[in-house]
Each structure stands twice: as structure tokens, then as C-alpha cells.
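1. Here's a sequence, model it:
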Amino acid sequence: MTKDNDTKSRLGVAYADTIFSESGWLFREQPIHDWGVDAHVEPKENDRPTGQLIGLQIKTGASFFGHEGDDSYTYYGDAWHLDYWIRHCLPVFILIHDPKEKLTLWQKVEVHLIKMQSGGRWSIQIPKKNILNKAALPCFKEGVASDPSSFLRALMALDYPLMLKVRQQETFMKIIEMNHKSLSMRGAWFRFGVDDNSNSDFHVERWHPQSGIHNYMARMFPWLDYKHTEPLEDPLGAIEGETHKLKVWLNRAGEAFVDLEEFYRDGPTPKDYELPYLENDEMDDDAFDEWAFQRALEKDRD
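-> Next comes the predicted model:
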């Protein structure tokens, strides 16, 4: 991506961030977004996250408003994006942003709204009335599951690109715990290849009112195993903030999830060995009768 395109795409992300954040939602840009989800958002109730997660694909530029109809714009997409969004455990919304007009429209990706095109491409109508503003946010929240099972599935799917990074490289994390705040756990910083928590490769803004690092990790990063690389400074919780410095790696759940994603993508690998045929396929009548008799005895034993 060129610098100009990168700057342009940031305008759409920043605009969406403003709308959701000013309405009291948590907006978390995905730092690794090669798989079709640029950010996810989560509403709060009583100033606490609800666990209701929604994926956003944000497209910026006047070109996305080029196919205009009377009541809607037509968005065209690639086959692999559609496959990923449809089977995603989160609801996924497409946002198109025109930076000149400061206009953002939205549409939820649903099978019945998709029209297949030639060459594996597809299209979806984005209504002109679907303007992204505070009044539209109940439409995002409607029908989003928040039970523990759905929440864990959502985190696993969202974090899949990060799982691949952790699987490929030695990985370290820094997590800030604020001792006297209602939202005590204040996000995670990842560093790859070197144990240097003074810098980070990217930051995951995943706040949560969990008590203690172990509860936080089990809730927010259920696919990671970890150990502290440095002792903690404050056993009594007297200071305002504590920094947890961890070495992390995929646990059994993370390894299994990555393996299943590869299986879903690549399919099963057929076994490859020579089939054990009889050396002589020709039998006389007596030999065939004896073979059939022995086979019948084996079936009776089963």
C-alpha cells in the first residue's frame, strides 16, 4: 500500500473511531488486518464492556461511491472476503467513507443481501439512508450474541492473524494493571523476537474490569499460555499501576484453532501408501469358498 493510500484509509478508520468512541463504545483497530476485519467495536453498559463484539471492514475513497442507484450504492467485493465474512462468528459490517463529503455509510454482510457476479465476484447494496451516526448504533448492537461461548469464539476468530505471529516467533507481552480503577486491566503490548518491553510492535487496546492478570488472560487471550519474565513491584497493590511482563506462546486451544483454520482452508491431506493387494488376485473355486467362509466368521465375531 502506498503512503497516499494508507493516509486515505486512515481517514475512514479515524471517522468511525470518532462516531463509536463518542457514543461510549470501545473501538479497537486490528493492527493485523490482512483477513478482512479492520476493527471491532464493543458497546458498554454502566461504563463496562458488554462482550458484544462486531467486526468492521472500512473502505475509504470516492471510488466506493461510484456505482450509484436511486436509493443505494453498490459495493463489489472479492470471493475470499465474502467467504471469510459469511463464516465469521462475529457479525461483520461494511463501512464506506467519502473523506471529501465526510460521509460514512454502512451495511451488514448477510447472505440474503448478496448478489453473485461473474468471475466469483459479488455485490451488495448499501442504502443511502444507512448513515453512520449515533442514531445508527442500535442497528449494530441488535441481535449480537454476548454469551460466554460466543464471546470466546469471537476472540479466537479475531485473533487468528495474531496467533500466526505468535506461532512463528518468540513473543513477549506487557500488560498494565491499574490497582484503583474500575477498568483495571488497560490493554496489552506485543513484542516479537526480542524481550524488550520498552518498545512494542503493536498495542491491543483490550480493557477489562477483571481482577488480576490470570483472570484477564483467561478472558481476553484464552489461546495463550504465559509466564512472567520479571518480578512484580507491588505485592500490596499500593501503587497506582503495575506492569506485567510476560513471555507468551500458543496453548493447546490456540494450536488447535490454528490447525483447524489450516484444515478448513487447505482441506484434508490424503494418506499416501501402497494398498495391500493380494499377490495373486486369481482364486480357484475352493480358494474362493475358503476365503468367503473365513470372512463370514470374522463378521460373526464382530
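2. Would you map the strands across the stretch 101-250 of the chain?
-> Assigned by DSSP state E, counting those that start in this stretch, the stretch 101-250 of the chain shows strands spanning 103-108, 114-116, 122-127, 171-178, 185-192, 202-208, 224-228, 241-250.
3. Let me know the secondary structure of residue 94.
-> Here residue 94 is strand, with the state taken from DSSP: H, G, I helix; E, B strand; the rest coil.
4. Next, count neighbours for it.
-> 20 (other CB atoms under 10 Å). Where you see a C-beta, it was placed from the backbone N, CA and C, and this is true even at glycine.
5. Now do the contacts for it.
-> Counting by CB atoms under 8 Å, 6 or more residues apart in numbering, residue 94 touches 57, 59, 75, 106, 107, 109, 124, 126.
6. Contacts only, for residue 258.
-> Contacts of residue 258 by CB under 8 Å, 6+ apart are 160, 163, 164, 167, 250.
7. can you put these in JSON lines and add pLDDT, distance to residue 69 and neighbour count?
-> Below are the contacts of residue 258 laid out as JSON lines (pLDDT from 0 to 100; distance: CB to CB, whole Å; neighbours: other CB atoms under 10 Å):
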{"residue": "160", "pLDDT": "86", "distance to residue 69": "35", "neighbour count": "17"}
{"residue": "163", "pLDDT": "93", "distance to residue 69": "41", "neighbour count": "20"}
{"residue": "164", "pLDDT": "93", "distance to residue 69": "40", "neighbour count": "17"}
{"residue": "167", "pLDDT": "95", "distance to residue 69": "45", "neighbour count": "13"}
{"residue": "250", "pLDDT": "97", "distance to residue 69": "47", "neighbour count": "18"}
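8. comparing the strands of the stretch 101-250 of the chain, which gets the lowest mean pLDDT score?
-> Sorting the strands of the stretch 101-250 of the chain by mean pLDDT places strand 202-208 lowest, at a mean of 75.
9. That strand pairs with which strands, parallel or anti?
-> Strand 202-208 pairs in its sheet with strand 185-192 (antiparallel), by DSSP bridges.
10. And the partner strand, how far out from the chain middle?
-> 17 Å (CA atoms, centre = their mean, to the nearest Å).
11. about what we covered before: what's the closest of the contacts of residue 94 to residue 191?
-> Nearest to residue 191 out of those is residue 57 (CB to CB; 27.8 Å).
12. tell me the domain boundaries of the chain?
-> Using automatic domain parsing, the domains assigned to the chain come out as 3-144, 159-257.
13. Figure out which of those domains is closest to residue 264.
-> Ranking those by their distance to residue 264 (criterion: CB to CB) puts domain 3-144 first, at 8.3 Å.
14. Now find how far off-centre that closest one is within its chain.
-> Here domain 3-144 is found 15 Å from its chain centre; the criterion is CA atoms, centre = their mean.
15. one step back: would you convert the contacts of residue 258 into CSV that also reports distance to residue 294?
-> Formatted as CSV, the contacts of residue 258 follow (distance: CB to CB, whole Å):
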residue, distance to residue 294
160, 52
163, 51
164, 52
167, 50
250, 49
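16. From those, which land in helices?
-> 160, 163, 164, 167 (DSSP state H).
17. mind checking the end-to-end distance for stretch 176-186?
-> Terminal residues of stretch 176-186 are spaced 5 Å apart (CA to CA, to the nearest Å).
18. Surely residue 291 is in a strand?
-> No: counting by three-state DSSP, residue 291 is not part of a strand but helix.
19. Read off the pLDDT value for the residue positioned nearest the centre of the chain.
-> Compute the mean C-alpha point of the chain, and by CA atoms, centre = their mean the closest residue is residue 158, 1.3 Å away. Looking at residue 158, its pLDDT reads 73.
20. Can you list the low-confidence ranges for the stretch 51-200 of the chain?
-> For the stretch 51-200 of the chain, the stretches with pLDDT under 70 are 80-81, 83-84, 86-89, 143-151, 154, 180-183, 197.
21. Residue 203: which of the ones in helices among the contacts of residue 258 is nearest?
-> So of those, ranked by how close each gets to residue 203 (CB to CB), first place is residue 163, at 17.3 Å.
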